[in-house]
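[1] need a structure here:
(chains A and B)
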2 protein chains.
Amino acid sequence: MSQTPGEPACSVLAAPLTATEAAELASGFAALADPGRLRLLSLIAARPEVCACALVEPLGKSQPTVSHHLKVLTEAGLITGDKRGRWIWYRVVPQRLDLLSRAIEQPAGALA
Amino acid sequence: MSQTPGEPACSVLAAPLTATEAAELASGFAALADPGRLRLLSLIAARPEVCACALVEPLGKSQPTVSHHLKVLTEAGLITGDKRGRWIWYRVVPQRLDLLSRAIEQPAGALA
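    Next up is the predicted model:
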């Protein structure tokens, strides 16, 4: 995504999406379409940053499975990691999640 | 989802998700993880309700493909349809989209 926070996000509910906008958003939602990845994201979001070494035990999945999910989340731009010594430390990229959230957000007053 | 619009939505960013919460949210995001389904959703959201017969041409996909995507969106609770004569008329279920949007929404001030 080339948008910066502050720019208007494209919205599924405001106007029919172009094929390009739809493909971009769908790739983001695909990264969220797995319970293990959502749990990982919530574990990472709970702190400023989290060592990959601290994610295997709470998720209850194998190290290769956790590594795979972390790779998918990173490639989708939802988290970012820094390698320090043996381990990568991850943190959430709030702008990317915000664009996805706003893309399916109701226009003000729509739920009133 | 058993939640009604005034209840707090579970949030990926507020606290680690339980396995049940993660599975429920992931099934919603899976329905959004396809560009054709997102475009359909945006076409349906553009009007109070839309005849299935009016969705094939703008999407540029075959009738069976459109029917399949409409079924996935309906099963995920994101749209609902009423059969009238030959055709089903669809409308968006805003509460379900709102729960997904709020689940990945930033806490107030997080992007400031």
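[2] Give me the residues contacting stretch A:44-51.
    For stretch A:44-51, the surrounding residues in contact (Cβ atoms under 8 Å, 6 or more residues apart in numbering or on different chains) are A:43, A:55, A:79, A:82, A:87-92, B:12-13, B:15-16. C-beta: built from backbone N, CA, C; applies to glycine.
[3] can you do 7 Å?
    Residues from elsewhere that reach stretch A:44-51 (Cβ atoms under 7 Å, 6 or more residues apart in numbering or on different chains): A:43, A:79, A:87, A:89-92, B:12-13, B:15-16.
[4] Please tell me how far the residue nearest in space to the middle of chain A sits from A:Ala23.
    Nearest residue to the geometric centre of chain A (Cα atoms, centre = their mean): A:Leu78, 3.1 Å. Separation of A:Leu78 from A:Ala23 (Cβ to Cβ, to the nearest Å): 17 Å.
[5] Show me where chain A has its strands.
    Ranges of strands in chain A, per DSSP state E, are A:50-51, A:79-84, A:87-92.
[6] could you redo the ones you listed as a markdown table and give each row mean pLDDT and mean neighbour count?
    Converted to a markdown table, those look like this (pLDDT from 0 to 100; neighbours: other Cβ atoms under 10 Å in any protein chain shown):
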| stretch | mean pLDDT | mean neighbour count |
| --- | --- | --- |
| strand A:50-51 | 96 | 18 |
| strand A:79-84 | 96 | 14 |
| strand A:87-92 | 96 | 19 |
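[7] got the ones you listed as CSV, with distance to B:Thr65 columns?
    Shown next, in CSV, are the strands of chain A (distance: least, Cβ to Cβ, whole Å):
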stretch, distance to B:Thr65
strand A:50-51, 41
strand A:79-84, 33
strand A:87-92, 35
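[8] Out of the ones you listed, which is closest to A:Leu59?
    Taking Cβ to Cβ, strand A:50-51 is the member of the strands of chain A nearest to A:Leu59, at 11.4 Å.
[9] Can you give the distance of the closest one from its chain's centre?
    16 Å (Cα atoms, centre = their mean, to the nearest Å).
[10] Give me the sheet partners of that strand and which way each runs.
    Strand A:50-51 has the following sheet partners, assigned by DSSP bridges: strand A:87-92 (antiparallel).
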